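quick one: sequence and predicted model below, then my questions.
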Amino acid sequence: MAVTDVYKALADETRRALLDELLTRDEQTLFELCSRLAMHHDLTPSRQAVSQHLDVLEAADLVRTERRGRYKLHTINTAPLAEISQRWPQRKAES
């Protein structure tokens, strides 16, 4: 995973909303995520578009996907976000 993949993934509003929804409740299906985007973010992309967004997030290692039976469950991985905050730590207030 390249750091640029993380920035690319975070650059899109829909992908950030997907991460927000997965942070609220992990292990969601594509259908559940589409529904939550519509209900909580007033976003109505097609299931194919959401699937493509999830692919970008997975390529950046921000989302992990696991198949259980006939369902694909999506889970957030916050480790790449922690790496960003470690790269540019918050400055201490100057006195």
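Arrived safely, thanks for sending. Residues are numbered from 1 along each chain as shown.

what about the strands in the protein?
63-68, 71-76 (DSSP state E).

how about the last one: buried residues?
Within strand 71-76, the residues that qualify as buried by neighbour count (16 or more other C-beta atoms under 10 Å) are Leu73, His74, Ile76. Heads up, the C-betas are built off the backbone N, CA and C, glycines and all.

do you know the pLDDT at the spatially most central residue of the chain?
Ranked by distance to the mean C-alpha position of the chain (C-alpha atoms, centre = their mean), the top residue is Leu19 at 3.2 Å. pLDDT, the model's per-residue confidence, is 97 for Leu19.

please pull out the lowest mean pLDDT helix or strand from the chain.
Of all the helices and strands that make up the chain, helix 79-87 has the lowest average by mean pLDDT, DSSP states H and E, namely a mean of 82.

distance from the chain centre to that one, please.
Between the centre of helix 79-87 and the centre of its chain there are 14 Å (C-alpha atoms, centre = their mean, to the nearest Å).

go on, stretch 13-32?
Relative to where its chain is centred, stretch 13-32 has its mean C-alpha point 6 Å off (C-alpha atoms, centre = their mean).

so which of the strands of the chain gets nearest Lys8?
When the strands of the chain are ranked by proximity to Lys8, the top entry is strand 63-68, at 13.6 Å, counting by C-beta to C-beta.
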